[in-house]
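Q: Whatever this is, show me its structure:
(chains A and B)
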Number of protein chains: 2
Amino acid sequence: MTTITDSPDHEVDHAVAAALRAGTAWRRTPAADRAAVLDAAADALAEAAETLWPVADAETRLGETRLRGEIARTAGQFRLFAQVVGDGGYLDAVIDHADPAAVPPKPDLRRVNHPLPGVVGVFAAGNFPFAFSVAGGDTASALAAGCPVVVKAHPGHPRTSDLVARTVRAALPSPDLLGLVHGFDAGGRLARHPGVAAIGFTGSIAGGQAVQALIGERPDPIPFYGELGSANPVVVLPSALRGDVTALARGFAGSLTLGVGQFCTNPGLLFVPEDDRLLTAVAEAVAATAGGPMLTERIRDGYLGGLDRLAGLRVLAEGSAGAGEPEVVPRVFTADLAEFAAGLPGIAEECFGPAAIVVVYRDPGDLPAVLSRLAGSLTATVHALDPAEAAEIAEVLRPLAGRLIWNGWPTGVAVNWAIHHGGPWPASTSPAHTSVGSGAIARWVTPVAYQDWPEGLLPPELRADNPLGVPRRVDGRLHPGK
Amino acid sequence: MTTITDSPDHEVDHAVAAALRAGTAWRRTPAADRAAVLDAAADALAEAAETLWPVADAETRLGETRLRGEIARTAGQFRLFAQVVGDGGYLDAVIDHADPAAVPPKPDLRRVNHPLPGVVGVFAAGNFPFAFSVAGGDTASALAAGCPVVVKAHPGHPRTSDLVARTVRAALPSPDLLGLVHGFDAGGRLARHPGVAAIGFTGSIAGGQAVQALIGERPDPIPFYGELGSANPVVVLPSALRGDVTALARGFAGSLTLGVGQFCTNPGLLFVPEDDRLLTAVAEAVAATAGGPMLTERIRDGYLGGLDRLAGLRVLAEGSAGAGEPEVVPRVFTADLAEFAAGLPGIAEECFGPAAIVVVYRDPGDLPAVLSRLAGSLTATVHALDPAEAAEIAEVLRPLAGRLIWNGWPTGVAVNWAIHHGGPWPASTSPAHTSVGSGAIARWVTPVAYQDWPEGLLPPELRADNPLGVPRRVDGRLHPGK
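A: The predicted structure follows:
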């Protein structure tokens, strides 16, 4: 087995330069051909599953079932973006015809999105070695947009990263469209590189702030799309107590401890009515869970540090030890609403791993004042049997989260047209953008307007005959396309 | 006449708090009612033109014709956003129905844009006392989105700012929806205020960098949409010499010196073939222009500093002196392509005012290598009689500018659906966004996805019967709406 070493500066520079060269042809590749390449990348990933999962399991200990599922999802992301490219709606094509009689006269103006002029730098996540890594949603959406990519591999799974890069490159018209670099310093060089036009990042708040600071020092500060931390509050309203309380408790414990709690969407805050039956059910459900090895020692240390931060709270329940190293156990604290409110904002910071606080309230009327003080999250969830009971809480939660969930659990993110995986800071650095689903492509495009431009030089999407049949808004009216 | 003084901290805090309170009702106001308010604001501005223009003329010396035209444009911006709100396309409504049979089962997911949860802070520009100021495109688009606004007035026209604020407030359901503060320190407090959810800025690169730095110090860095500097290159290709060279030269001189060159889109770089007839025509056209008073002494000093920076170049022509203080004259320098290339990047920095460099090339084949080194601009223009001759230059210019213009001039920005007023840094801090036209509303909204959410709690745009008839994408297919 060869050793994977940190990429020196010249390798980063080489990867970016090669990606830029390969990108020139890629951005001019017709949409249908680009879609076919994305489908081929999906096929390549799916076909390599047998080889990929054991390498990832050796590095992450996430297990065959989860990793096979994640590879399928990662392939599915490429397939979704093939559809997005074929559809063309993301191009946001608009035509306003000239009006020479207007005062002042109106020129012919047409606008369409183009790929960002440069390389998309991707900082891979540790907790999804496929779906948020080398060939994850950032890479798939950037390639779909027409941008070349250079990924900074996560140190938790370097061999998986290399193997995935090789697998996807074989499906690309040029292997240089997907560069891969390793190491902390390589990440810094990538964020500062003049050939990089935007950054996608999935990781910790501190990591995101560090990359943002590097970008701030550039002569041309480029867009930074970071998905950082999220506490994912879940509010159980009194009417939910009329339902299956045991199932509710088990649902919480399962979502919290899935993958040893290493999901950015796992529920870190559970607000519950003061009800012994529910609290007992939650304690029993948590006690029935098992911990396990975390992805890296660093992530384990971060989790233990988070537990220390919460050490002043009562422990409601702990799970049992799992197998493997570096191992942790799930731990759920409890506090009453006033105690929790007094500890804000620090008490509500994400503790990455299988830890949560069960916050007990007496009067649901006390919730809005406390909930409205929470920082941004990727998700917020309501459990209730009576929608009318939830109306006010829903209004309070809406500005806090990118996705609102009814009687469900936040782990498990659909990859489709309607998903939004983002939210106010620190959930994301750009609350208007998603890192999952069709909308993720919007991060890598930029509009260009053409004024009185000759038909022969217009992109096909703006020509009179709309040869690609893309959706367009013409003189203010939307036409849905083919 | 009362003295307008800088707003102390408590006034900024009061304006933001009042805007937040008024915003609660405004964001829930039905779209049709919001559109009616925007139309009423347009009427109020148009009806007050007689009162507004003399106040603005006293502060800016831009003259009646220009100011009346700008008021009409400013009213027109409100009317466009009334249409945008009525149309609902900006909401980007998406529905993916549940698929319980899928593996894993797919939940019902619906997404729609909501106004940003907070106040939009607007830093007004000096050069457009109406269209990019208190009631300019940033304010109109933010109100349209459902956000309350607090404007930091430009010091060049404080009385106009107050009068415009009073005029528009009278049309709003609450005057607190449009706050106004004065002074440098008030701007800093606004950028740092926890109640502010995003900033729109039009001004200098240095000013934009200062506001960006303040935002970077926030515990929650908010989106910053700045329109900063732009050199607006114009490339005259050899075939254009077959046309009316005198008209071309006059067009350039007119666009350069319009409003004493105080447009972010005036052409600061003109690339021309080595041709005595054209150079003579340009020199004569520039000599026939007149300067005039600039908006403020600070802007005049900036212009003179820019001239000093270019003092090593030959002067091709100067205009004559105009009337008023602080007065300047138009000045056009010239350099050959190699000399210009040697001076990059500094030589191509925007010199705000009626100054430009005419860059003379011998071989159009030498242009791409030099043009591709230019920084981002709001516009790039090509003059040619033969589109085929322009194909390569167009490819070079496209990644550099937000708007490409054929045989025209960059001043004069249409306000419609297709316009893009933005571009790569330093033209804008966010190359995916425009500050003019219907797309400007996208800066002030954020998506929320609803998972398995009860119909009764969904926003109307996501309900099964689509009562507002907004455009929607349902299960991947686009429906254009009413």
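Q: Please, where are all the helices along the stretch 151-300 of chain A?
A: For the stretch 151-300 of chain A, the helices defined by DSSP state H, counting those that start in this stretch occupy A:158-169, A:184-192, A:205-216, A:245-257, A:276-287, A:297-309.
Q: Now do the second one: which elements does it pack against?
A: Using 3 or more Cβ pairs under 8 Å, 6 or more residues apart in numbering or on different chains; DSSP states H and E as the contact criterion, the elements in contact with helix A:184-192 are helix A:9-28, strand A:119-123, strand A:149-152, strand A:196-202, helix A:205-216. Bear in mind the C-beta positions are built from the backbone N, C-alpha and C, glycine included.
Q: quick one: low-confidence parts of chain A?
A: A:1-2 (pLDDT under 70).
Q: which residues does residue A:44 contact?
A: Counting by Cβ atoms under 8 Å, 6 or more residues apart in numbering or on different chains, residue A:44 touches A:167, A:168, A:170, A:171.
Q: secondary structure element for the residue nearest to the third one when sequence neighbours are not counted?
A: Just to be clear, that refers to residue A:170. Nearest residue to residue A:170, sequence neighbours excluded (Cβ to Cβ, 6 or more residues apart in numbering or on different chains): residue A:44, at 5.9 Å. Taking DSSP states H and E as the criterion, residue A:44 maps to helix A:31-47.
Q: List the buried residues in that helix.
A: For helix A:31-47, a neighbour-count test (16 or more other Cβ atoms under 10 Å in any protein chain shown) marks A:31, A:34-42, A:44-46 as buried.
Q: Please compute how far it lies from its chain's middle.
A: A distance of 21 Å separates the centroid of the chain from that of helix A:31-47, by Cα atoms, centre = their mean, to the nearest Å.
Q: Distance from the chain centre to whichever helix or strand comes after that helix, please.
A: As assigned by DSSP H and E, the chain's next helix or strand after helix A:31-47 is helix A:49-60. Distance, stretch centre to chain centre, for helix A:49-60: 22 Å (Cα atoms, centre = their mean).
Q: Run through the neighbouring helices and strands of helix A:49-60.
A: With contacts taken as 3+ Cβ pairs under 8 Å, 6+ apart, helix A:49-60 sits against helix A:64-87, helix A:158-169.
Q: about what we covered before: please write out the alpha-carbon positions of the helix holding residue A:44 in CSV.
A: Extracted as CSV, the C-alpha positions of helix A:31-47 are listed here (Å, rounded to 0.1, in the frame of the first residue of the first chain):
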residue,chain,number,x,y,z
ALA,A,31,-25.6,20.2,-22.3
ALA,A,32,-26.7,16.8,-23.6
ASP,A,33,-23.1,15.6,-23.7
ARG,A,34,-22.4,16.9,-20.2
ALA,A,35,-25.5,15.1,-18.9
ALA,A,36,-24.2,11.9,-20.5
VAL,A,37,-20.9,12.3,-18.8
LEU,A,38,-22.6,12.8,-15.4
ASP,A,39,-24.7,9.6,-16.0
ALA,A,40,-21.5,7.8,-16.9
ALA,A,41,-19.9,9.0,-13.6
ALA,A,42,-22.9,7.7,-11.8
ASP,A,43,-22.6,4.3,-13.5
ALA,A,44,-18.8,4.2,-12.7
LEU,A,45,-19.5,4.8,-9.0
ALA,A,46,-22.3,2.3,-8.8
GLU,A,47,-20.2,-0.4,-10.6
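Q: Report the angle between that helix and helix A:49-60.
A: Helix A:31-47 and helix A:49-60 meet at an angle of 70 degrees, taking axes from the mean of the first three to the mean of the last three Cα atoms, to 10 degrees as the criterion.
Q: Would you mind listing what in the stretch 101-250 of chain A touches chain B?
A: Contact residues (Cβ under 8 Å from any Cβ of the partner chain) of the stretch 101-250 of chain A with chain B: A:104, A:106-107, A:109-111, A:114, A:116-117, A:212-213, A:216, A:220-223.
Q: From these, pick the one nearest residue A:83.
A: residue A:114 (20.0 Å; Cβ to Cβ).
Q: so is that closest one in a helix, a strand, or just coil?
A: strand (DSSP: H, G, I helix; E, B strand; the rest coil).
Q: What residues does it make contact with?
A: A:27, A:146, A:445, A:446, A:447, A:448, A:459, B:398, B:399.
Q: Could you identify the pair within those residues that is furthest apart?
A: Spanning the widest gap among the contacts of residue A:114 are A:27 and A:447, at 14.9 Å by Cβ to Cβ.
Q: Please identify which of these two sits among more neighbours.
A: Per other Cβ atoms under 10 Å in any protein chain shown, whichever of residue A:27 and residue A:447 has more neighbours is residue A:447, with 26 against 17.
Q: Look up phi and psi at the more buried one.
A: Note on residue A:447: backbone dihedrals following degrees, to the nearest 10 are phi -80, psi 150.
Q: Identify the residues contacting the nearest residue to it once chain neighbours are set aside.
A: Residue nearest to residue A:447 in three dimensions, not counting chain neighbours: residue B:420, with 4.4 Å by Cβ to Cβ, 6+ apart. By Cβ under 8 Å, 6+ apart, the residues touching residue B:420 are A:111, A:447, A:448, A:449, B:402, B:403, B:434, B:437, B:439.
Q: likewise residue A:299?
A: By Cβ under 8 Å, 6+ apart, the contact list for residue A:299 reads A:126, A:156, A:262, A:352, A:353.
Q: what's the answer for residue A:133, then?
A: Taking Cβ under 8 Å, 6+ apart as the test, what residue A:133 contacts is A:124, A:125, A:151, A:153, A:154, A:157, A:160, A:161, A:164.
Q: Could you pull out the strands in the stretch 301-450 of chain A for me?
A: For the stretch 301-450 of chain A, strands defined by DSSP state E, counting those that start in this stretch occupy the ranges A:314-318, A:327-328, A:331-336, A:355-361, A:377-383, A:401-406, A:445-451.
Q: Give me the nearest residue to residue A:175, chain neighbours excluded.
A: Take residue A:175 and drop its neighbours on the chain: the residue closest to it by Cβ to Cβ, 6+ apart is residue A:169, 3.9 Å away.
Q: Might one say that the one you found is in contact with residue A:178?
A: Yes - under the criterion of Cβ atoms under 8 Å, residue A:169 makes contact with residue A:178 at 5.5 Å.
Q: neighbour count winner among these two?
A: Each of residue A:169 and residue A:178 has its neighbours counted (other Cβ under 10 Å); residue A:178 has more, 27 against 18.
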